[in-house]
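A.B. asks: Everything below, folded, please.
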Amino acid sequence: MVAVCTVFWVAVILLGLSVLIVYLYYRPRSPQFDIAAASLNAGNIDTGNLLNADITLLAHVINPNTKVNIYFSSLQLDMYFQGIMIGTQVIDAFYEPRQMEALRNLKMITSAVPLPFQVAQEWGNGTQAGGGGVTLHLSGRFRTRWLFGRWLRFTNWLNPSCEILVGPPPNGVLLRKQC
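C.D. replies: A predicted model of the protein is given here:
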């Protein structure tokens, strides 16, 4: 019994040491997600407080690792206004080599999304000529597969989140962002 416990603890210690060595060699860092540009091309409230909007986003994904390649899959980005989901977009899977950056153009078209009266008024006030714009919340869920050389792989989920302020349409450009 003592021999089995000794072998088990030696195996645990060796496994922990090998994980530490791999970590110290590769020094993995989490990928970064940002919104490089955004524009609110159209956005109006129809009768019945139904939102119709056309929003274009330029997503910027950075792999800061010097020795680790990353494969992104199952990418979904949801857009919220005042806590109400107004759009969602799925991004095609892609491979991001070490120390590289990728830009992905996303088009979110919202059609007949019902909004409560107060929220519809806030949208209308922000999108009028001379209005201050609208604040949108972007929430994502990305599955990443980290490729440590040829044999080691690690999978995890990233949940990026951004707040953006876009001006009133038709030239509603990105005024402020926080990711």
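
A.B. asks: partners of Gly87 in the sheet?
C.D. replies: As for beta bridges, Gly87 partners with Met79 under DSSP bridges.

A.B. asks: oh sorry, the question was meant for Tyr95
C.D. replies: The partner residues for Tyr95, given DSSP bridges, come to Tyr71.

A.B. asks: same question for the lengthiest helix in the chain, mean pLDDT?
C.D. replies: Among the segments of the chain that qualify as a helix by DSSP state H, the longest is helix 2-26. Per-residue pLDDT over helix 2-26 has a mean of 88.

A.B. asks: For that helix, buried residues please.
C.D. replies: Tyr26 (16 or more other C-beta atoms under 10 Å). In this view, the C-beta of every residue, glycine as well, is placed from N, C-alpha and C.

A.B. asks: now it, how far from the chain's geometric center?
C.D. replies: 35 Å (C-alpha atoms, centre = their mean, to the nearest Å).

A.B. asks: strands paired with the next helix-or-strand element following that helix, and their directions?
C.D. replies: Downstream of helix 2-26, the first helix or strand assigned by DSSP states H and E is strand 32-46. With DSSP bridges as the test, strand 32-46 is paired with strand 50-62 (antiparallel), strand 172-178 (antiparallel).

A.B. asks: How about the secondary structure of Lys67?
C.D. replies: Counting by DSSP: H, G, I helix; E, B strand; the rest coil, the backbone at Lys67 sits in coil.

A.B. asks: burial of it, as a residue count?
C.D. replies: Each residue near Lys67 was counted by other C-beta atoms under 10 Å, and the total is 13.

A.B. asks: Which residue is the nearest non-sequential neighbour of it?
C.D. replies: Closest residue in space to Lys67, ignoring its immediate chain neighbours: Tyr26 at 4.9 Å, by C-beta to C-beta, 6 or more residues apart in numbering.

A.B. asks: so who does that neighbour touch?
C.D. replies: Contacts for Tyr26 (C-beta atoms under 8 Å, 6 or more residues apart in numbering) come out as 65, 67-68, 148.

A.B. asks: what would those look like in JSON lines with distance to Lys177 and pLDDT?
C.D. replies: Below are the contacts of Tyr26 laid out as JSON lines (distance: C-beta to C-beta, whole Å; pLDDT from 0 to 100):
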{"residue": "Asn65", "distance to Lys177": "24", "pLDDT": "93"}
{"residue": "Lys67", "distance to Lys177": "30", "pLDDT": "91"}
{"residue": "Val68", "distance to Lys177": "27", "pLDDT": "92"}
{"residue": "Phe148", "distance to Lys177": "32", "pLDDT": "83"}
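
A.B. asks: hmm, which of those are the buried ones?
C.D. replies: 65, 68, 148.

A.B. asks: quick one on the thing from earlier: of the strands paired with strand 32-46, which stretch is the most buried?
C.D. replies: When the strands paired with strand 32-46 are scored by mean count of other C-beta atoms under 10 Å, the highest mean neighbour count falls to strand 50-62 (a mean of 20).
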